[in-house]
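> show me how the following folds:
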Amino acid sequence: MFDPREKIALFIDGANLYAASKNLGFDIDYRKLLKSFQKRGYMLRAYYYTALIEDQEYSSIRPLIDWLDYNGYKVVTKPAKEFTDSMGRRKVKGNMDIELAIDAMEQAETVDHLVIFSGDGDFTTLVEALQRKGRKVSVVSTMATQPPMIADDLRRQADHFLDLISLKAEIGRDPSERAVRHVPEPQSADAEE
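Sure, this is the predicted structure:
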């Protein structure tokens, strides 16, 4: 599936990967994810795409974005659009598909193997275009959920499909790490968790 001589680039649809890993009951350790794919070939780039709500003073995803940015990932963000639907519910929309597709097409000139972390069927046409350029494309998502989180057309079009659940032991975060992080420091009464 992977040739150690290949130049590899990762394209991570952040919202899609987050939803898939949550549905499978584990958190992604992004340091392990990077190391895992560096072992598979020459990793040229690892992109992470996410939309951010700009007017929020604090976003729960901001620490992750900052960490990724300093630890080997090229983070691509754009402001999410916030709106109220017809039922009066607050909704947030932030689709990063076009940014991911453009970067993948540009990197196709340089890399041999593109790995897309998303089950979004909208990427089927992108996979076809990359293959026409003579590039190998793997897709990482899951079929282990009900319903599966990967579009059938995308899974069929990809050269290789990696089920996220099969990578859990390799890239999953140890649950004990999360528990340690949430323990308040005893010496400070007003420390944040």
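
> show me what the longest strand belonging to the chain is in contact with.
Longest strand in the chain, counting residues (DSSP state E): strand 42-52. Under the criterion CB atoms under 8 Å, 6 or more residues apart in numbering, residues 4-15, 30, 34, 37, 59, 61-62, 65, 68, 72-80, 92-96, 99-100, 103, 107, 110-111 lie in contact with strand 42-52. Bear in mind the C-beta positions are built from the backbone N, C-alpha and C, glycine included.

> the nearest residue to G14 once chain neighbours are set aside: neighbour count?
Closest residue to G14 apart from its sequence neighbours, by CB to CB, 6 or more residues apart in numbering: T50 at 3.7 Å. Here the number of neighbours of T50 (other CB atoms under 10 Å) works out to 23.

> do you know how far T50 is from T110?
24 Å (CB to CB, to the nearest Å).

> what's the burial count for L52?
16.

> from G121, how far off is it?
25 Å.

> picking up where we left off before, just the buried positions in the longest strand of the chain, please.
For strand 42-52, the neighbour count (16 or more other CB atoms under 10 Å) marks 43, 45-52 as buried.

> from the chain's centroid, how far away is it?
Chain-centre distance of strand 42-52: 8 Å, with CA atoms, centre = their mean, to the nearest Å.

> for the chain, name the helix or strand with the lowest mean pLDDT.
In the chain, the helix or strand scored least confidently by mean pLDDT, DSSP states H and E is helix 175-181, which has a mean of 55.

> isn't there a strand covering V111?
No: using DSSP: H, G, I helix; E, B strand; the rest coil, the assignment for V111 is coil, not a strand.

> wait, isn't it in contact with A9?
Yes: with contact defined as CB atoms under 8 Å, V111 reaches A9; the gap is 4.5 Å.

> start to end distance for stretch 23-34?
Across stretch 23-34, the terminal residues are separated by 21 Å (CA to CA, to the nearest Å).

> what number of residues lie near the residue nearest to N71 when sequence neighbours are not counted?
Nearest-residue entry for N71: R31, 6.7 Å, with adjacent residues in sequence omitted and distances by CB to CB, 6+ apart. Look at R31: counted by other CB under 10 Å, it has 14 neighbours.

> so how far is M87 from R31?
41 Å.

> likewise Y73?
37 Å.

> contacts only, for K78.
51-52, 94, 96, 99.

> swap that for A144, please
A144 touches 24, 163-165, counting by CB under 8 Å, 6+ apart.

> at 6 Å instead, please
Shown in contact with A144 (CB atoms under 6 Å, 6 or more residues apart in numbering): I165.

> check I171 too.
Counted by CB under 6 Å, 6+ apart, I171 has contacts 28-29, 32-33, 36.

> am I right that T77 sits in a strand?
Yes: according to three-state DSSP, T77 belongs to a strand.

> for it, list each beta-bridge partner.
In this entry, T77 is beta-bridged to T50, by DSSP bridges.
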